[in-house]
Structures are given as structure tokens and as C-alpha cells.
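> Quick check, what structure comes out for this input:
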Amino acid sequence: MDLELKNQSVAVFGGAGTIGQAVVKRFIEEGCQVLIFDAHPSTDEISKNIHENVLSVRSNVVDYGAVKMGLKDAVNRFGRIDHVVFSVGAGSGKFGFPFWNLEPSDWSRILEINLQGAVNVAHAFCALCRQAKGRQYHILHFGGWANWLTNGSTLQCGQGGVD
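Sure thing, here's the model as predicted:
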């Protein structure tokens, strides 16, 4: 399918994850240059294995300075960023535990990553995307909303704030 994206540049936050890698590969198939921004330890290796037009920045979206530096690196290499995809998602790691068994301290890290991370990305890239008439996309993991009390409530609430 030709989405007329050839020679456009994309930043994929969370690009080393399963969903993020699929997004990156699809943009590469469309002829795009892609920046993967992810805290995953294998981010650099993943980007090298996908394609030569993939640049990687291994850092966390909660670090606003690093997000802005990722922008600078991508613009230096690609000349511009046309599209931004936010495919970041973290949970408490307590799958299957009822909501009432979570401690309030289980929430802060998740909300910082899923919500503040999205805000950091939006602030860092919004002006550039507008100049390029590009788009910003947030891929939210809303699976199991009906079961949010018993499974994944921290992930879903954090990402619900982005929506």
C-alpha cells in the first residue's frame, strides 16, 4: 500500500517495543527515515537490524532534555521530522492483581512514563511537526478497560490521561 510517505521522516517513541517495531517497519516499507527513541537496552541493536535508515536514541521519555536532544539528532540527520508516534506503555508489573492490592506508590512511575512522557514528546516535537505539516500520533494500549480493576489499571489510567 502506498501511503505517499516516501522520503518523510518519523520519530517513533517506544519504537523498540513490539508495537513500536511494527510501526517502524511499516514506515520503512513506505520509504521513510525513522528515529527510534526508547529506553530498552537493545534499542541500538534493534534499529540496526531493521534498516539503515533507522536512527536510534536510547533514553527515557520522562527526560525532557533527552527528548529534545533526540529531536536535534533526528533533524541533524534527516533535515526534519514529519510525523511523531508515541507508542510508549508501562504498567505496574502486577498483572492480575486487583486494583485494591496496588499501593499508591505503584502509580507514580507509570503515570510519569505514560502521561508525562507523552507531554514531553508533545512539547518537544509539536512546533516542528506543525512547521512540516506533519502529524503526531499516540498509540494507546486500552486492552481490558472492562477489567481495569483487576488487571492493568495503572497502564490504562496513565494512558487514558493522554486521550
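> gap between the two ends of stretch 90-100?
End-to-end distance for stretch 90-100, by C-alpha to C-alpha, to the nearest Å: 19 Å.
> since we're on residue 59, how many residues are nearby?
Per other C-beta atoms under 10 Å, the neighbour tally for residue 59 reads 17. In short, each C-beta sits where N, CA and C put it, glycine included.
> next one: phi and psi at the nearest residue to it once chain neighbours are set aside?
Excluding its sequence neighbours, the residue lying closest to residue 59 (C-beta to C-beta, 6 or more residues apart in numbering) is residue 66, at 3.8 Å. Backbone torsions of residue 66, given as degrees, to the nearest 10, read phi -70, psi -40.
> give the contact list for residue 66.
57, 59-60 (C-beta atoms under 8 Å, 6 or more residues apart in numbering).
> low-scoring stretches of this protein, by residue?
In the prediction, the chain carries residues with pLDDT under 70 at positions 1, 95-99, 127-163.
> where exactly do the strands run in it?
Counting by DSSP state E, one finds strands in the chain at the ranges 9-13, 33-38, 54-58, 83-86, 135-138.
> can you put those strands in CSV and add mean neighbour count and distance to residue 116?
Output for these, formatted as CSV (neighbours: other C-beta atoms under 10 Å; distance: least, C-beta to C-beta, whole Å):
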stretch, mean neighbour count, distance to residue 116
strand 9-13, 29, 13
strand 33-38, 27, 15
strand 54-58, 22, 18
strand 83-86, 24, 12
strand 135-138, 15, 13
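> Tell me which of those lies nearest to residue 71.
Nearest to residue 71 among the strands of the chain is strand 9-13; the distance by C-beta to C-beta comes to 7.4 Å.
> can you give me the angle that closest one makes with strand 54-58?
30 degrees (axes from the mean of the first three to the mean of the last three C-alpha atoms, to 10 degrees).
> Strand 9-13 vs strand 33-38, what angle?
Per the same axes, to 10 degrees, the angle that strand 9-13 makes with strand 33-38 is 10 degrees.
> partner strands of strand 9-13, parallel or antiparallel?
strand 33-38 (parallel), strand 83-86 (parallel) (DSSP bridges).
> Could you export these as TSV, including distance to residue 45?
Converted to TSV, the strands paired with strand 9-13 look like this (distance: least, C-beta to C-beta, whole Å):
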stretch	distance to residue 45
strand 33-38	11
strand 83-86	20
